[in-house]
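In: Would you be able to build a 3D model of this:
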Amino acid sequence: MSEPSSPGESRRGAPRFFVGCEDDESEVLEDSMRTDMELYEDDEDTDSPPERQIVVGICCMMKKSKSKPMTQILERLCRFEYITVVIFPEDAILNESVDKWPLCDCLISFHSKGFPLDKAVSYAKLRNPLLINDLNMQYYIQDRREVYRILQEEGIDLPRYAVLNRDPDKPDECNLVEGEDHVEVNGEIFQKPFVEKPVCAEDHNVYIYYPTSAGGGSQRLFRKIGSRSSVYSPESSVRKTGSYIYEEFMPTDGTDVKVYTVGPDYAHAEARKSPALDGKVERDSEGKEVRYPVMLSAMEKLVARKVCLAFKQTVCGFDLLRANGHSFVCDVNGFSFVKNSMKYYDDCAKILGNIVMRELAPQFQIPWSIPTEAEDIPIVPTTSGTMMELRCVIAVIRHGDRTPKQKMKMEVRNPMFFDLFEKYGGYKTGKLKLKKPKQLQEVLDITRQLLVELGQHNDCEIEEKKSKLEQLKTVLEMYGHFSGINRKVQLTYLPHGQPKTSSEEEDTRKEGPSLLLVLKWGGELTPAGRVQAEELGRAFRCMYPGGQGDYAGFPGCGLLRLHSTYRHDLKIYASDEGRVQMTAAAFAKGLLALEGELTPILVQMVKSANMNGLLDNDSDSLSSCQHRVKARLHDILQKDRDFIEEDYDRLAPNCSASLVNSMRIVQNPVSTCDQVYALIQSLTSQIRTRMEDPKSADLQLYHSETLELMLQRWSKLERDFRMKNGRYDISKIPDIYDCVKYDVIHNSTLGLEDTLELFRLSRALADIVIPQEYGINKVEKLDIAYAYCLPLVRKMQLDLQRTHEDESVNKLHPLYSRGVMSPGRHVRTRLYFTSESHVHSLLSIFRYGGLLDEEKDQQWKRAMDYLSAVSELNYMTQIVIMLYEDNNKEPSSEERFHVELHFSPGVKGVEEEENAPTGFGFRPASAEMNGQKQTDPGSLEDLSRDETDHAVPLSEPITIQRRSPLIRNHKTGSMEVKHCAPVLRLKHLRRLVKPKQQPLKCFDGCSMVPSIYPLETLHNSLSLKQVNEFLAGVCESAGEPHTRTSRGQTTLMFDYWILDTTCFITIQSLLLY
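Out: The predicted model follows:
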């Protein structure tokens, strides 16, 4: 007989199912391995009559028995020569008695909607067939309470939960107390976000409730209807009828994992976008939900085995949630097949056939095995030339456009405030932050009571000033409801009361302790800010291989494809400020092409970084260096004369071009402040006049602001800017610029006079004050920068070191991932959203921390000149680090890993200035294409050409298609550009329009958002070792004891990184996108 053409074909040409073993046992067992087909051939050779057929009965609803997965598996099962499959007619199942049902030796039966499980149980008792899935256990699977009980008994991790039984016979199981941001179920407290599941497993109306700090409301999940699987609802109250399981919400970064077992030793896992994220079902070109196979860890495989055995379901599906480095089972579905995987169909039929033959035909002595993973050897192409593989993207991004931040300070001594301070543990640290609705309501109640007392007893000795109490009351009563996103109260304990300052009245002060109450409001992300963040998120996809590629088109193309195939290890962090968190959520929405409200995205995709000081800082607790800097700044700007050479030396020792330019505009700081103050007075007068006009009575300004509220914020600035002694409070300049910028952008239709002049002067003053508040000379800038962002620097250092394989991420399973070019490779993305202070500080560290020497590195000198000319780090400012790997370099080579540093000053100003600083483009080509021909960036020469990939030699010749025949069209502006197979870098994404100044040829910048400056490359030829040493040195300079040895260990850590990556490459092979 001739040998079969492939391992999947028998000598007769029919599929041949191997009954095998692990690879290392194959030689030993080769002679004893036999299939049922071989046995049948032996019988033919001896002319003996064929054995009786083993009948496998399929007893389920017709919709299930005729489904594609069932059909595919049964077709394969029928290829076992001794197995015959009989499908029970649905009419017989529903309408005939069980004694008239077809006979079978093995029964595959499972419950679904409308299926008479009781009759199936009776049939099994009558005929006693081999049961693939136990029928009695299927009653338990229909009740989520029983499912959770069994999981607990088996020691399987599941989310913390409590059961609310609204059963008159069990009154002790029906205790529910609902709060603003939590529920208490039978004594168990669940803070929002939490999940509410009906106890009946057939009821798919699962609700997730969100905290008020994230916007409140709930996500309502249901069985897929078309392309929807959930909707967002503003309703925040739990359901009041029915019995439910309440469980802790697991932050899974928007991914669910579905696991399918076929016996205890086989598990197939697929990841999909969580239905709770935006409710949109991702479907492929054939209309099927997009899922990708992922690899299970050893612990997860053990869980799959336990679930299969505990529920006695050979074929069983269940849901895994991967959160915080652990895996939790949250649902067991019972009989369930993978929807679209030919290899799974092969495996499943083989295992089921083996089970049947072993149990019902033991005379054949068929050995047990699971399918080996020796099929589908991945092709291993590698790169050539300067082509590199993107491994890591780290971005620090400022929040988007916001309403003006406002703040009011007052000293309080009333015992009610001290009681509140003690109640919430303020004495532990001496500080207290109140953001929750209940806490703010208590502050409002105290305020109202004090105002009543003040009104009744004018001579009483209440310390709180009436005007400030009224302002406190007004702000807390705004909007008619509380939300932690837009208001907060901070209390600081002052053991000796507040010291006198020049801005305070000269009244006598009481001795003894007091509390400093700071009320903050405003600063909300505007609709424009959301659009900025979402558009930048979409544009950010250009940073990744394949650019803006449609992931449903060419395999492996673009970030969306990368992310949907779970090769993208994405984590998004944000400080605890509402505007920052909402910016992060909007960015994620654009980046990942999500839909719907931001609240579900915020809860599932954005991690709050306020626990470890990573992105938060207490701006009211300035360092001693900042106090000195502000005092010196205040002193310099109080001189009523034009700036002289000495002032330039004192205020701009680093000779910053933007700072010097602003000082020339200001000339005399006091005179300029006089002009600003007069313009503010004119502005408030115009607003009052407008308010008296009946036509303006119902005038709505941007973001639902009223003229009254607009007047309040400008009147407060008017009062605060000019102090009692006639001098100006320089610390109010950023607030004035903030307010006028907001009104010029959003309220220009009011037609208020001289706002542009106020904007011009306040911007010039702010361009001096804001950057210099973070240090005037280099030493001060670094000192203040360390105080703000040392934890962030340490985290970024770890991000770069850990870019190699990470056990906590989803790994695409290479054997089931057809159409995915590099299933083993991941790109790590870490996005940090924060406020202006962190962006200023981090940039100071890169500029003044000693990363490179300007005298020796011309590219770095050009970058420093460019940064020197940038006057403002506006909304959506970005600092981006990209790490590449060059697989052509030796693993021990310092050139193996390549780091690039990019920067954008964010949103463009109110008026696009002709002299706006111009960088040298995004990733200048001249630094990377040494000696190579450089084409005009406006041409399409490179777009139609692809590089040849070189394959790593294998033991057997493999035909590798060097270039994909699939050419997809992608329109850029009015030009149609043909993109070929995706490459590792943005080599083929050229800038199609020449900028005004373009000294070097560049790749396309990531930001194609018209309102945001594109990224400019600060440096594109740094080594990982170089950056790692720099970051380690920063940590050491900042004086952290545990980092003092880090510099000495830098080389060791770098070598370890190389070694680990080499091991990973050896195991996974060199894979190309």
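In: Let me see the mean pLDDT of stretch 844-858.
Out: In this model, stretch 844-858 has an average pLDDT of 94.
In: for stretch 789-796, same thing?
Out: On average, stretch 789-796 scores 93.
In: Pull the residues that contact it.
Out: 394, 396, 612-615, 830, 832, 834, 838, 841-842, 845, 881, 1031, 1034-1035, 1038, 1040, 1043 (Cβ atoms under 8 Å, 6 or more residues apart in numbering). Backbone N, C-alpha and C define where each C-beta goes, glycine included.
In: From the residues you listed, which land in strands?
Out: 394, 396, 830, 832, 834, 881 (DSSP state E).
In: check contacts around the first one.
Out: If I follow you right, that is Ile394. Ile394 neighbours (Cβ under 8 Å, 6+ apart): 796, 799-800, 829-830, 832, 880-883.
In: just to revisit the earlier point, from the ones in strands among the contacts of stretch 789-796, pick the one nearest Gln675.
Out: Of all those, Gln675 sits closest to Thr834, with 33.8 Å by Cβ to Cβ.
In: State the pLDDT value of the closest one.
Out: 95.
In: so which two of the ones in strands among the contacts of stretch 789-796 are the farthest from each other?
Out: Among these, Thr834 and Ile881 lie farthest apart (Cβ to Cβ), at 15.1 Å.
In: Next, the buried residues of stretch 314-329.
Out: 314-318, 320-323, 327-329 (16 or more other Cβ atoms under 10 Å).
In: Quick check: end-to-end length of it?
Out: Stretch 314-329 has an end-to-end distance of 17 Å (Cα to Cα, to the nearest Å).
In: So for Thr834 and Ile881, which residue has more residues nearby?
Out: The neighbour count for Thr834 versus Ile881, taken as other Cβ atoms under 10 Å, is higher for Thr834 (29 against 20).
In: Name the nearest residue to the more buried one, ignoring sequence neighbours.
Out: Leu615 (4.3 Å; Cβ to Cβ, 6 or more residues apart in numbering).
In: The one you found and Ala574 touch, don't they?
Out: Yes - between Leu615 and Ala574 there is a contact at 6.7 Å, judged by Cβ atoms under 8 Å.
In: quick one: common contacting residues for the two?
Out: 580, 609, 832-834.
In: ok, which stretches of the stretch 451-600 of the chain are strands?
Out: With strands called from DSSP state E, counting those that start in this stretch, the stretch 451-600 of the chain shows them at 487-494, 514-522, 568-574.
In: Give me the buried positions along the last one.
Out: To tie it back to what came earlier, the one meant is strand 568-574. Buried, per 16+ other Cβ under 10 Å, within strand 568-574: 568-570, 572-574.
In: same thing with stretch 145-157?
Out: 145-148, 150-151, 156.
In: Then stretch 863-874?
Out: Neighbour count says stretch 863-874 has 863-864, 866-874 buried, by 16+ other Cβ under 10 Å.
In: Now do it: everything it contacts.
Out: By Cβ under 8 Å, 6+ apart, stretch 863-874 touches 398, 654-659, 661-662, 763, 766-767, 770, 836, 839-840, 843, 847, 854, 903, 905-909, 917-920, 1016-1019.
In: CA atoms only for it, dumped as CSV, please.
Out: Output of stretch 863-874 as CSV, limited to C-alpha atoms (Å, rounded to 0.1, in the frame of the first residue of the first chain):
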residue,chain,number,x,y,z
ALA,A,863,15.5,68.6,20.0
MET,A,864,16.5,70.7,23.0
ASP,A,865,16.2,73.9,20.8
TYR,A,866,12.8,72.8,19.7
LEU,A,867,11.6,72.2,23.3
SER,A,868,13.0,75.5,24.3
ALA,A,869,10.8,77.2,21.7
VAL,A,870,7.6,75.4,23.0
SER,A,871,5.8,77.9,25.2
GLU,A,872,2.9,75.7,26.5
LEU,A,873,2.3,72.1,27.3
ASN,A,874,-1.3,72.2,26.3
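In: coming back round to it: list just the nearest of the shared contacts of Leu615 and Ala574 to Glu248.
Out: Using Cβ to Cβ, those come closest to Glu248 at Ala609, 20.4 Å.
In: pLDDT at that closest one, what is it?
Out: 60.
In: Adjust the sequence numbering to begin at 486 for everything that follows.
Out: In the new count, where the first residue is 486, that last one comes out as Ala1094.
In: Give me the distance between Thr1011 and Leu1500.
Out: 24 Å (Cβ to Cβ, to the nearest Å).
In: These two: which has the busier surroundings?
Out: Leu1500 (27 against 20).
In: Distance-wise, check that one relative to His1387.
Out: 4 Å.
In: What of Val766?
Out: Val766 is 35 Å from His1387, by Cβ to Cβ.
In: cool, and Arg790?
Out: In terms of Cβ to Cβ, Arg790 sits 47 Å off from His1387.
In: Which one's more surrounded, those two?
Out: Between Arg790 and His1387, His1387 has the larger neighbour count (other Cβ under 10 Å), namely 24 against 16.
In: What pairs with the strand or helix carrying that one, parallel or antiparallel?
Out: His1387 is part of strand 1382-1389, with elements assigned from DSSP states H and E. Under the criterion DSSP bridges, strand 1382-1389 sits next to strand 1363-1370 (antiparallel), strand 1501-1508 (antiparallel) in its sheet.
In: Deepest-packed of the ones you listed, please.
Out: strand 1363-1370 (a mean of 23; mean count of other Cβ atoms under 10 Å).
In: Now do it: everything it contacts.
Out: Contacts of strand 1363-1370 (Cβ under 8 Å, 6+ apart): 873-883, 1021, 1028, 1281, 1285, 1288, 1324, 1327-1328, 1331, 1381-1389, 1391, 1469-1470, 1491, 1500, 1509, 1512, 1546.
In: Secondary structure element holding Lys1115?
Out: Using DSSP H and E, Lys1115 falls in helix 1109-1121.
In: what mean pLDDT does the helix or strand following that helix have?
Out: Once the chain leaves helix 1109-1121, the next helix or strand it forms, by DSSP H and E, is helix 1130-1136. Computed over helix 1130-1136, the mean pLDDT rounds to 93.
In: Could you do stretch 843-863 as well?
Out: 60.
In: Stretch 679-696 now?
Out: Mean predicted confidence for stretch 679-696 is 96.
In: do the same with stretch 1253-1268
Out: Here the average pLDDT along stretch 1253-1268 is 94.
In: Identify the residues contacting that stretch?
Out: Contacts of stretch 1253-1268 (Cβ under 8 Å, 6+ apart): 1108, 1110-1111, 1113-1115, 1117-1118, 1122, 1135-1136, 1138-1139, 1141, 1143-1144, 1147-1148, 1151, 1215, 1218-1219, 1269-1270, 1321-1322, 1325-1326, 1329-1330, 1332-1334, 1357, 1522.
In: Just the buried residues of the residues you listed.
Out: Buried among those (16+ other Cβ under 10 Å): 1110-1111, 1114-1115, 1118, 1122, 1135-1136, 1139, 1141, 1143-1144, 1147-1148, 1151, 1215, 1218-1219, 1269-1270, 1321-1322, 1325-1326, 1329-1330, 1332-1334, 1357, 1522.
In: taking those one by one, which sit in helices?
Out: 1110-1111, 1114-1115, 1118, 1135-1136, 1143-1144, 1147-1148, 1151, 1218-1219, 1269-1270, 1321-1322, 1325-1326, 1329-1330, 1332-1333, 1522 (DSSP state H).
In: show me what contacts Lys758?
Out: 739-741, 767, 775, 1049.
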